[in-house]
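Asks: This is the structure alone, sequence omitted:
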């Protein structure tokens with residue numbers, strides 16, 4: 001899973017931009033500030049799109065994840081932007097195990113197999 005910013009106009013033109021006036025918002029990505037949307041995509045190991053969502057640029061990357069993963073199960077890999085204890089707990093209730101890279105000051109987390117998934121894979 002990952003997200004990418006979609007800028008709809010240059011930062012200098014934000015005050016006079018009217019096309020997505022009530023929908024787009026100013027947000028920040030790793031590249032810098034932008035005005036527009038964030039596109040969140042979940043793909044499987046074959047590169048097939050499983051879920052997609054377009055949100056305003058100022059919304060936190062972790063907020064749409066629970067809705068994106070409602071019909072999914074298994075392991076979900078994301079970057080450090082998706083790192084949150086509350087998100088891991090909510091996804092665990094949906095039988096989704098969130099795997100992210102840890103910050104420097106965090107202790108390692110032991111990966112525990114989910115019993116219901118192990119039984120599903122065995123048939």
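Replies: Great, that's in hand. Worth saying up front: this structure is predicted, and the values here are computed from it rather than measured. Residues are numbered from 1 along each chain as shown.
Asks: what about residue 82, how many neighbours?
Replies: Using other CB atoms under 10 Å as the criterion, residue 82 is surrounded by 22 other residues. Using the backbone N, CA and C atoms, a C-beta is placed for each residue, glycine as well.
Asks: One more: residue 35?
Replies: 22.
Asks: contacting residues for it?
Replies: Residues near residue 35 by CB atoms under 8 Å, 6 or more residues apart in numbering: 7, 8, 9, 10, 11, 14, 17, 24, 25, 26, 27, 57.
Asks: can you rerun that using 10 Å?
Replies: 5, 7-14, 17, 20, 24-27, 56-58 (CB atoms under 10 Å, 6 or more residues apart in numbering).
Asks: do the same with residue 31
Replies: Residue 31 sits next to 4, 5, 7 when contact means CB under 10 Å, 6+ apart.
Asks: Likewise for residue 29?
Replies: Here residue 29 is in contact with 3, 4, 5, 7, 38, 57, 61, 81 (criterion: CB under 10 Å, 6+ apart).
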